[in-house]
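> for reference, the sequence and a predicted model appear below.
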Amino acid sequence: MAQSTHSGTKDRVADIVRKLLAEQGFDRAIGPDDDLADRGLSSADMVNLMLSVEEEFAIKVPDRAMRPANFRSISSIDALVRSLRPDG
């Protein structure tokens with residue numbers, strides 16, 4: 001079940017990222033470890049991404065976790081979300 005939950009979280013994160021990228025005109029496939037800044041997301045986009053993740057998962061990203069490394073890729077965001085959720 002943990003793998004299923006992990007997969008579901010990662011899929012939801014990927015959907016958020018793809019939607020944001022589509023709004024920026026990015027229409028190519030993106031992998032789980034692709035660097036989002038290299039794909040064209042600005043600092044402002046990263047803030048919007050963080051807010052969308054907080055809303056989607058009903059979590060609050062603490063100040064200590066607001067680091068670029070935590071929002072570098074779908075995989076890094078997924079790891080952050082799982083670390084902040086009580087059901088991990």
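Received, thanks. Residues are numbered from 1 along each chain as shown.

> ok, residues contacting stretch 74-81?
Contacts to stretch 74-81, defined as CB atoms under 8 Å, 6 or more residues apart in numbering, come from residues 6, 9-10, 13-14, 17, 30-34, 36, 49, 53, 57, 59, 61, 65, 69-71. In this view, the C-beta of every residue, glycine as well, is placed from N, C-alpha and C.

> among those residues, name the ones in helices.
His6, Thr9, Lys10, Val13, Ala14, Val17, Leu49, Val53, Phe57 (DSSP state H).

> out of the residues you listed, who's nearest Phe26?
Of all these, Phe26 sits closest to Val17, with 9.8 Å by CB to CB.

> so how far is Asp63 from the closest residue to the closest one other than its chain neighbours?
Among residues not flanking Val17 along the chain, Ile74 sits closest, at 5.5 Å (CB to CB, 6 or more residues apart in numbering). If you measure Ile74 against Asp63 using CB to CB, to the nearest Å, the figure is 23 Å.

> drop anything exposed from the ones in helices among the contacts of stretch 74-81.
Neighbour counting with 16 or more other CB atoms under 10 Å marks Thr9, Lys10, Val13, Ala14, Val17, Leu49, Val53, Phe57 as buried within these.

> and those, which is closest to Arg82?
Nearest to Arg82 among those is Thr9, at 6.0 Å by CB to CB.

> who's in contact with Leu21?
Counting by CB under 8 Å, 6+ apart, Leu21 touches Ile30, Leu36, Arg39, Gly40, Leu41.

> okay if I get the ones in helices among the contacts of stretch 74-81 as CSV plus distance to Ala79?
Below are those laid out as CSV (distance: CB to CB, whole Å):
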residue, distance to Ala79
His6, 10
Thr9, 9
Lys10, 9
Val13, 10
Ala14, 13
Val17, 14
Leu49, 15
Val53, 12
Phe57, 13
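
> now the two most distant members of those.
Taking CB to CB as the measure, these span a maximum distance of 19.7 Å, between His6 and Leu49.

> quick check: buried residues in stretch 65-75?
When neighbours are counted by 16+ other CB under 10 Å, the buried residues of stretch 65-75 are found to be Asn70, Phe71, Arg72, Ser73, Ile74.

> next: stretch 17-30.
Neighbour count says stretch 17-30 has Val17, Leu20, Leu21, Phe26, Ile30 buried, by 16+ other CB under 10 Å.
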